[in-house]
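Peer 1: Let's see this in three dimensions:
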Amino acid sequence: MSRAMKDRLIWAVTFLVMLIICLPGLWVVLSAFRTNGEILTKPAVWIPQNLTLDNFRAIFGLGENVLAIPVGSYFLNSLVISVTSTVLAVVIGMSGGYAFARHRFPGKSGAFLWLMLSRTVPGIALSLPLFILWSWIGLIDTKLGVIVVYTAINVPFTVWLTEGFFRQVPRDLSEAAQIDGCTPWQAFWKVEFPLARSGIASAGIFAFLTSWNEYALASQLTRSTDSKTLPVGLMDFTAQFTIDWAGMCAMAVIIIIPALILTFLVQKHLIAGLTFGGVKG
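Peer 2: Numbers count the residues shown, from 1 in each chain. Next comes the predicted model:
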């Protein structure tokens, strides 16, 4: 088999695998633009007969059928919680990653291993102890309570990722900047931080998407519209005997869009050629 034939075969297999992976998402997007009757049709209808925006109109209270679901409040809660927890996780994680990459201190290996092991605990296993603890200190059904949890969840991965990127930045660059008159802080912000921003951006994207899409813990720690996030709000479309699949899919599309926009905006920062760029400059 020729090299060109092998490449075509690899591309064909990759396309097929990606198509299978994307099918559920495609089904959700298509279902957001059709009625419940068409969604529940058997056999399933992949190509919608009549596309409609009624599901989105109903969610935002613009159509004839208005849903009593405060999507705007849920969206604002998700945005505040995700952005705040992401900023905190990146700041704390970047500081920790820089400390692990640049300094030696007693218990460094043990502390780093402890941080990494904390990522092995599934979030759902923390729901009961967190619920009890947050009930004692009055953080149930508050944005602050969810922000603290999401920050704690994201910090270990952020430390690990930024530590690897700071380790790739040559120490000589910072020392040269300090010889030229920069303080350690100036050398960090003007030399090391710009070279490691790809890793910091990657950590920020991961933290934001984790906070934006998380459901298990948020469903236990939130109760009212003052703190519910969009993933938790999806359950408002379920009743005792029926499920509004069309409305749920429309809201799922609303959840997906900000994540996609963020990913496309910062995708150029996901390339990790830091050491080469730093040494060449």
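
Peer 1: Need the nearest residue in space to the residue nearest the centre of the chain, chain neighbours excluded.
Peer 2: For the chain, residue 209 is the residue whose C-alpha lies nearest the centre (Cα atoms, centre = their mean; 0.7 Å). Counting by Cβ to Cβ, 6 or more residues apart in numbering, residue 209 lies nearest to residue 259, which is 5.7 Å off, once chain neighbours are set aside. (Each C-beta comes from the backbone N, C-alpha and C, glycine too.)

Peer 1: Any stretches of this protein with poor pLDDT?
Peer 2: Applying pLDDT under 70 to the chain flags residues 1, 63-68, 240, 267-281.

Peer 1: From residue 139, how far out is residue 126?
Peer 2: According to Cβ to Cβ, to the nearest Å, residue 126 and residue 139 sit 14 Å apart.

Peer 1: The longest helix along the chain: what's the following helix or strand?
Peer 2: Looking across the chain with DSSP state H, the single longest helix is helix 71-102. Beyond helix 71-102 in the direction of the C-terminus, DSSP states H and E gives the next helix or strand as helix 108-118.

Peer 1: how is this protein carved up into domains?
Peer 2: Structurally, the chain divides into domains by automatic domain parsing as follows: 3-57, 71-280.

Peer 1: Of these, flag the one that's most buried.
Peer 2: Of all the domains of the chain, domain 71-280 has the most neighbours on average by mean count of other Cβ atoms under 10 Å, namely a mean of 17.

Peer 1: where's that one relative to the chain centroid, distance-wise?
Peer 2: Distance of domain 71-280 from the chain centroid (Cα atoms, centre = their mean, to the nearest Å) equals 7 Å.

Peer 1: Spatially, what comes nearest to residue 53 if we skip its sequence neighbours?
Peer 2: Looking at residue 53 with Cβ to Cβ, 6+ apart, the closest residue is residue 33, at 7.1 Å.

Peer 1: Are we agreed that that neighbour is in a helix?
Peer 2: No. When classified by DSSP: H, G, I helix; E, B strand; the rest coil, residue 33 is found to be coil rather than part of a helix.

Peer 1: I figured it was touching residue 57, is that so?
Peer 2: No. Applying Cβ atoms under 8 Å, one finds residue 33 not in contact with residue 57, separated by 11.6 Å.

Peer 1: which neighbours do the two share?
Peer 2: Here residue 33 and residue 57 share no contacting residue, scored by Cβ atoms under 8 Å, 6 or more residues apart in numbering.

Peer 1: picking that back up, what residues does the residue nearest to residue 53 make contact with?
Peer 2: For residue 33, the contacting residues are 48, 51-53, 55, by Cβ under 8 Å, 6+ apart.

Peer 1: Return the closest of the residues you listed with respect to residue 16.
Peer 2: Of all the contacts of residue 33, residue 16 sits closest to residue 48, with 23.7 Å by Cβ to Cβ.

Peer 1: Just to be sure, the closest one is in a helix?
Peer 2: No. Using three-state DSSP, the assignment for residue 48 is coil, not a helix.

Peer 1: Leaving out the residues flanking it, which one is nearest to it?
Peer 2: Closest to residue 48 by Cβ to Cβ, 6+ apart is residue 34, at 4.5 Å.

Peer 1: right, and the one you found touches residue 50 too?
Peer 2: Yes. Residue 34 is within contact range of residue 50, at 7.1 Å (criterion: Cβ under 8 Å).
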